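Trainee: Let me see the structure of the following:
(one chain, ligands or ions: 1)
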Amino acid sequence: METLLTVTNVTKNHDMTRALKGVSFEIARGEVVGLVGENGAGKSTLLSILGGWTAPTSGSMELDGEPYAPQSPEEALACGVGSIQQKFVVDPDHTVAQNIFRASFHADKSPEEQRERARELLESSGLDFDPDARMGDLVRAEQALVEVVRLIAEETQLVLMDEVAATFNDFEIAQFHQITRRLVREGRSVIYITHRIDEISSLVGRVIVLREGLIAREFHPRAMPATEIAYEITQRELVFGRRPDEFEDEHTRLYVEHLSTPDGHVRDVTLALRRGEIFGLTGLRRAGMTELASALVGVTPATWSAYRIDGADVEVTSPADALSHGIGYLSDRDDELGITTEESIAKNLLDGRVAMGFREEVAALREVVAQVQKLRIRTTDIQSDVGKLSGGNQQKIALARWMGSGCEILILNHPTRGIDVGARQDIGEMLKELAQRGTTIVLISSDMSELLELCNRTAVMRDGVVVSVQDNAESTEDTLMREALGVMDEPSEPRQSRRGERAAV
Ligand SMILES: Nc1ncnc2c1ncn2[C@@H]1O[C@H](COP(=O)(O)OP(=O)(O)OP(=O)(O)O)[C@@H](O)[C@H]1O
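Mentor: Numbers count the residues shown, from 1 in each chain. This is a model prediction of the structure:
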């Protein structure tokens, strides 16, 4: 196959951290390469260098046989390299069409031309988005899909994508893979960072594994079972598909009755969650899970006929109320994670524990070190700023804060997004241990296999309503997905477009 990109001995130092220690590889034209590895291995750093977001400390690159050293993302794009970063930012006031055609070389297109061309591109990609919708009115997954369509419009030859599908459900993954395959059919090459094994086996032709800033191995994942792919990546024997033990505690910890929000995003929800239960909550985008969580913790207004904890009526109209009743909430938004990026790992993990004496402080710091090791957070110093950690390691800090908070009810919105496959299993075990000690956990996730592995029961939401609560001993990924799609009697293949459903913008 014809070589498109050659990377030779690229290194990158961030202050004292050697994020890349000499990486060399080639990418062929029309190839989809998966870039994988533990949190902090250097994947985003490598993609940032390829996309012109940051310069390497040393090393060289060639694109199409020519020296390639982009000084900015615009310069990379002028060479035919387009990218979507892990924490991509869009202008909320742009329309979908303006976002798709935002590159300067589209400046000659009139608004009508942009709208018409955007409509064609969206339709042929199986997306029923309105080209005139405001980007700021789309949810994150929708914004990500528009960003991928932008890469088609940009007529790139190399496409770089960093964990675009981290919170996608199976349906969105299918849409995303369809668009990516189109990019490849049109002759482009793709480098894609993902932690999801299902994506690696269905989309990726070759996998490059990074470990501590070096290429540890390469392999072709087609036809390999999930456990083997996971082993190639982590060098650990991970077990998939295990179901939780039978659940016995009948004590109702949290009871809400007829909960609705004034904007109609949540309608008449009644839930009874038991002590020590891990309760899953899933659905398609805009189905109401995040809105329900926000209402339960008093972030958004809601009405109910009863809200009880351990049988006692409570009033929850603000996050402070929720916290005072022992309810913690981990948001799925990067800007609401509750961590302070300009403060140290230790300070973030010890937050709230003030006025400690020397002995207590030493003990607390030992605990922090143990937690950092258990979660495999890649750092050499617990006094370094959280903002210097990789995306997945920052997510682990946010989650660890809640796991150590002592709250008896935890509502966790996509808690394992961005977390590598090995650490994800460790965190699953930690959540189970927490539940065994009596904590009630609401796990909001789009990943049906994660829900089945961790939860005792799973509620499926559609259009703001809880349409079913399934005992996980009896449900499958297929039954959950069918409920989410509202196609219980039809085959559950993802459809091209769902015109008329609320998910349309
Ligand atoms: N701005 C920065 N300052 C200091 N160190 C940094 C900075 N950005 C990244 N690092 C460090 O560089 C290393 C590689 O980080 P990078 O974000 O590339 O990892 P990653 O493989 O993409 O991880 P993840 O899967 O969590 O996204 C990590 O040790 C990280 O802490």
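Trainee: Please work out which residues outside the lowest-mean-pLDDT helix or strand in the chain touch it.
Mentor: For the chain, counting by mean pLDDT, DSSP states H and E, helix 358-374 ranks last in confidence among helices and strands (a mean of 83). Applying Cβ atoms under 8 Å, 6 or more residues apart in numbering, the set of residues contacting helix 358-374 from outside is 345-346, 349-350, 353, 356, 379, 382, 400, 404, 426, 430. (Glycine included, C-beta is placed from N, CA and C.)
Trainee: Recalculate using a threshold of 6 Å.
Mentor: Residues outside helix 358-374 that contact it (Cβ atoms under 6 Å, 6 or more residues apart in numbering) are 346, 349-350, 382, 400.
Trainee: Show me which positions of that helix end up buried.
Mentor: Under the neighbour-count criterion of 16 or more other Cβ atoms under 10 Å, helix 358-374 has 365, 368, 371-372 buried.
Trainee: could the residues you listed go into a markdown table alongside distance to the ligand?
Mentor: Rendered in a markdown table, the data for the buried residues of helix 358-374 read as follows (distance: Cβ to the nearest ligand atom, whole Å):
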| residue | distance to the ligand |
| --- | --- |
| 365 | 20 |
| 368 | 17 |
| 371 | 17 |
| 372 | 12 |
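Trainee: From those, pick the one nearest residue 452.
Mentor: Minimum distance to residue 452 across these is 27.4 Å, recorded for residue 371 (Cβ to Cβ).
Trainee: The ligand contacts on the stretch 351-500 of the chain?
Mentor: Taking Cβ under 6 Å from any ligand atom as the criterion, the neighbours of the ligand within the stretch 351-500 of the chain are 378, 388-393, 420.
Trainee: If we use 5 Å, what do you get?
Mentor: With the criterion set to Cβ under 5 Å from any ligand atom, the stretch 351-500 of the chain comes near the ligand through 378, 388-392.
Trainee: who's in contact with whichever residue of the chain sits closest to the ligand?
Mentor: When scored by Cβ to the nearest ligand atom, the chain has residue 392 as its residue closest to the ligand, at 2.7 Å. For residue 392, the set of contacting residues under the criterion of Cβ under 6 Å, 6+ apart consists of 39, 418-420.
Trainee: which residues pair with the closest residue to residue 220 other than its chain neighbours across the strands?
Mentor: Counting by Cβ to Cβ, 6 or more residues apart in numbering, residue 206 is the residue found nearest to residue 220 once chain neighbours are left out, at 5.7 Å. Residue 206 has these beta-bridge partners by DSSP bridges: residue 33.
Trainee: Let me see the confidence value for residue 206.
Mentor: Reading off the confidence values, residue 206 has pLDDT 96.
Trainee: Which parts of the stretch 351-500 of the chain are helices?
Mentor: For the stretch 351-500 of the chain, the helices identified by DSSP state H, counting those that start in this stretch occupy 358-374, 391-403, 421-436, 448-454, 477-485, in order along the chain.
Trainee: Pull the most distant pair out of the contacts of residue 392.
Mentor: By the measure Cβ to Cβ, 418 and 420 form the most distant pair in these, at 8.4 Å.
Trainee: Quick one: mean pLDDT over stretch 228-244.
Mentor: Across stretch 228-244, pLDDT averages out at 86.
Trainee: I meant stretch 16-33, not that one.
Mentor: In this model, stretch 16-33 has an average pLDDT of 95.
Trainee: Please identify the buried residues of it?
Mentor: 17-20, 23, 25, 27, 29-33.
Trainee: repeat for stretch 238-247
Mentor: Residues 238, 244, 247 are the ones in stretch 238-247 that count as buried (16+ other Cβ under 10 Å).
Trainee: in which helix or strand would I find the second one?
Mentor: Under the criterion of DSSP states H and E, residue 244 resides outside all helices and strands.
Trainee: Now do the contacts for it.
Mentor: With contacts taken as Cβ under 6 Å, 6+ apart, residue 244 has the following neighbours: residue 456.
Trainee: make it 7 Å
Mentor: By Cβ atoms under 7 Å, 6 or more residues apart in numbering, the contact set of residue 244 is 278, 432, 454-456, 472.
Trainee: Least confident of those residues?
Mentor: Per-residue confidence over the contacts of residue 244 reaches its minimum at residue 472, where pLDDT is 86.
Trainee: that older thread, from the buried residues of stretch 16-33, which are also near the ligand?
Mentor: With Cβ under 5 Å from any ligand atom as the criterion, the subset of those in contact with the ligand comprises 17, 19.
Trainee: Which of the buried residues of stretch 16-33 fall in helices?
Mentor: The subset of the buried residues of stretch 16-33 located in helices under the criterion DSSP state H is empty.
Trainee: And the buried residues of stretch 16-33, which is closest to residue 120?
Mentor: Comparing the buried residues of stretch 16-33 against residue 120 with Cβ to Cβ picks out residue 30 as the nearest, at 23.3 Å.
Trainee: Any regions of the protein where pLDDT drops low?
Mentor: Scanning the chain for pLDDT under 70 picks out the ranges 106, 352-356, 489-505.
Trainee: what's the closest of the residues of the stretch 351-500 of the chain next to the ligand to residue 153?
Mentor: Using Cβ to Cβ, residue 391 comes nearest to residue 153 of those, at 26.5 Å.
Trainee: Run through the residues that contact the closest one.
Mentor: Applying Cβ under 7 Å, 6+ apart, one finds that residue 391 lies in contact with 44, 86-87, 418.
Trainee: right, and residue 328 touches residue 402 too?
Mentor: Yes. Between residue 328 and residue 402 a contact is recorded at 4.8 Å, counting by Cβ atoms under 7 Å.
Trainee: overlap in contacts of these two?
Mentor: Taking Cβ under 7 Å, 6+ apart as the contact criterion, the residues that touch both residue 328 and residue 402 are residue 410.
Trainee: Next to the ligand, which bits of the stretch 51-200 of the chain? Give me the list.
Mentor: If contact is defined as Cβ under 5 Å from any ligand atom, none of the residues of the stretch 51-200 of the chain are in contact with the ligand.
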